[in-house]
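Student: Prediction below, plus the sequence it came from.
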Amino acid sequence: GRVVVVDFTARWCLTCKFVERQVYNDKQVAEEFSALNVLAVEGDISDKGLPANDMLYKELKEPGVPASVVFPPGGREPIRLHGIFSKADLLKAVKQAADN
């Protein structure tokens, strides 16, 4: 019954680190996630030791990292963000998922 955001990332991915620093570590993003009761999960695919991350990543057929997938409640179609995106892009996707 809540929005879930999965941030697929990897330790070796410089673009992932940029998105983490500029988007996910932003105070406004944290406040909005809290206000909307968003569950945020990091899906680190750096190692093959975390099969759940790899399995979901492959099931979603993501083309590469960084990739963030916003899952609306009720199993509706997820909203996907790839490459470099802004906090405004992420917050728009989260609000869209929460409103539907």
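Tutor: Received, thanks. These figures come from a predicted structure and were not determined experimentally.

Student: which secondary element of this structure has the worst mean pLDDT?
Tutor: helix 51-59 (a mean of 67; mean pLDDT, DSSP states H and E).

Student: Would you map the strands across the protein?
Tutor: 4-9, 39-44, 67-71, 79-82 (DSSP state E).

Student: Columns mean pLDDT, distance to residue 59 and mean neighbour count on top of those, output as a markdown table?
Tutor: Every residue, glycine included, has its C-beta placed from N, CA and C. Converted to a markdown table, the strands of the chain look like this (pLDDT from 0 to 100; distance: least, C-beta to C-beta, whole Å; neighbours: other C-beta atoms under 10 Å):
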| stretch | mean pLDDT | distance to residue 59 | mean neighbour count |
| --- | --- | --- | --- |
| strand 4-9 | 93 | 11 | 21 |
| strand 39-44 | 91 | 11 | 16 |
| strand 67-71 | 94 | 11 | 22 |
| strand 79-82 | 95 | 13 | 17 |
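
Student: How about residue 95: what's its closest non-neighbour residue?
Tutor: residue 36 (7.4 Å; C-beta to C-beta, 6 or more residues apart in numbering).

Student: What is the neighbour count of the one you found?
Tutor: Residues near residue 36, counting by other C-beta atoms under 10 Å, number 15.

Student: Likewise for residue 1?
Tutor: Residue 1 sits with 5 neighbouring residues when counted by other C-beta under 10 Å.

Student: Retrieve the pLDDT associated with it.
Tutor: Residue 1 is assigned 88 on the pLDDT scale.

Student: my read: it touches residue 73, true?
Tutor: Yes - counting by C-beta atoms under 8 Å, residue 1 does reach residue 73; the two are 5.1 Å apart.

Student: which residues touch stretch 22-32?
Tutor: Applying C-beta atoms under 8 Å, 6 or more residues apart in numbering, the contact partners of stretch 22-32 are 7, 38, 40, 85, 86, 87, 90, 91, 94, 95.
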